[in-house]
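>>> show me how the following folds:
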Amino acid sequence: MADRSGLANRAQRPQVHGQQKQALAQRPPETAYLATLKIDCSPFENLAAGLQQLQVVFRRALLQDLSDQLDKALQQNNVLSFDDLITRLAEAVHGDKDQLLISELQQRFGAALIDEFQDTDNLQWQIFSRIFSATVPDIALPPASMQSSASGQFLYLIGDPKQAIYKFRGADIYSYFAAQKQAQQHYTLSHNWRSHPDLVSVSTAVPTRRTFLFENLDFISVHAGRGIDDGRIGDTPPLVLWQLDQYSEKDLLDGAKGTNGEAASCIAMP
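Predicted coordinates:
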């Protein structure tokens, strides 16, 4: 069943095919020619801009209508979407009878553990912070750490902001950072038990402070948990760096290089 986030993604995603991209990239410049005619083109430019805005208006109207129709269909069938499970619980723990609900949940759950916390959002965190913390503001959030409240509840948050790749599904990395500042205790794994020691060593040497876009995102070095002879694959180097060709804007528009089109052509080669 479709949900609101899926509708939003579809409504906001422009559908431009390869031929259209190529036509846009190869269209000859007309500015110089129009300048020789001494024609005031501002009305036409305003019309073109208005048409672009009109497309946005239609998309927003369609999205709103689809969202309303989805709500009606869910109510008629007496079912809840995944979004409803989150939004309605968030409303309940901040509603008129919030203390009764929170008290009941605290009696049932003395502790909670949230894995992959970097993939949650602010609304989800409001639910857990409301239940497991007595003094946390509604907009605050915690990370790969532990937080306890005056009521004796414990909340464990496990995550890695460097793996935050689900923004398109609503994940909020800034919620993680805000939570990190608020957490009472922080723990970090000191050993990597998955990778060969050579790979751990090289991976630790490459990143620097400026590797990441966020100033409050640090790279923490770790030690190898496995032995030097555990998992070696022949003489293969632990890390290989590939330098990609620098493609022009035209190449990126027509999809001929650096995209699925190039990958498909390589796969089709005998």
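>>> gap between residue 129 and residue 67?
27 Å (CB to CB, to the nearest Å). Any C-beta I mention is one placed from the backbone N, CA and C, and that applies to glycine too.
>>> those two - which one has more neighbours?
Neighbours were counted for residue 129 and for residue 67 using other CB atoms under 10 Å; residue 129 has more, 25 against 15.
>>> in this protein, where's the longest helix?
helix 42-76 (DSSP state H).
>>> which elements pack onto the helix or strand just after that helix?
Using DSSP states H and E, the helix or strand that follows helix 42-76 in sequence is helix 82-92. Applying 3 or more CB pairs under 8 Å, 6 or more residues apart in numbering; DSSP states H and E, one finds that helix 82-92 contacts helix 122-132.
>>> just for the protein, where's the confidence low?
Within the chain, the ranges that satisfy pLDDT under 70 run 1-31, 34-35, 134-151, 207-211, 231, 246-270.
>>> next, residue 224: phi, psi?
The phi/psi pair for residue 224 (degrees, to the nearest 10) reads phi -80, psi 130.
>>> so the closest residue to it other than its chain neighbours versus residue 238, what's the distance?
With CB to CB, 6 or more residues apart in numbering as the criterion, residue 224 has its nearest non-adjacent residue at 3.6 Å, and that residue is residue 197. Per CB to CB, residue 197 is found 9 Å from residue 238.
>>> repeat for residue 84
Taking CB to CB as the measure, residue 84 falls 47 Å from residue 238.
>>> and stretch 127-136, C-alpha only, in PDB?
What follows is stretch 127-136 as a C-alpha-only set of coordinates in PDB (Å, rounded to 0.1, in the frame of the first residue of the first chain):
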ATOM      1  CA  ILE A 127       8.100   9.300  21.000                       C
ATOM      2  CA  PHE A 128      11.000   7.600  22.700                       C
ATOM      3  CA  SER A 129      12.300  10.700  24.400                       C
ATOM      4  CA  ARG A 130       8.800  11.400  25.800                       C
ATOM      5  CA  ILE A 131       8.500   7.900  27.200                       C
ATOM      6  CA  PHE A 132      12.000   7.200  28.500                       C
ATOM      7  CA  SER A 133      13.200  10.600  29.600                       C
ATOM      8  CA  ALA A 134      11.600  12.800  32.200                       C
ATOM      9  CA  THR A 135      13.100  16.100  31.200                       C
ATOM     10  CA  VAL A 136      13.900  15.900  27.400                       C
END
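>>> and the angle for the longest helix of the chain with helix 82-92?
Helix 42-76 and helix 82-92 meet at an angle of 80 degrees, taking axes from the mean of the first three to the mean of the last three CA atoms, to 10 degrees as the criterion.
>>> show me the contacts for residue 56.
Listed by CB atoms under 8 Å, 6 or more residues apart in numbering, residue 56 has no contact partners.
>>> distance of it from residue 66?
The spacing between residue 56 and residue 66, counted by CB to CB, is 16 Å.
>>> now residue 235
Distance, residue 235 to residue 66, by CB to CB: 56 Å.
>>> the more surrounded of those two?
Neighbours were counted for residue 235 and for residue 66 using other CB under 10 Å; residue 66 has more, 17 against 5.
>>> all strands for this protein, in order.
111-114, 145-148, 154-157, 185-186, 191-192, 223-224 (DSSP state E).
>>> tell me which of those sits most buried.
Among the strands of the chain, ranked by average contacts under mean count of other CB atoms under 10 Å, first place goes to strand 154-157 (a mean of 21).
>>> adjacent strands (with direction) for that strand?
strand 111-114 (parallel), strand 145-148 (antiparallel) (DSSP bridges).
>>> domain ranges for the protein?
98-186, 191-268 (automatic domain parsing).
>>> just put these in a markdown table and tack on distance to residue 60.
Converted to a markdown table, the domains of the chain look like this (distance: least, CB to CB, whole Å):
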| stretch | distance to residue 60 |
| --- | --- |
| domain 98-186 | 18 |
| domain 191-268 | 26 |
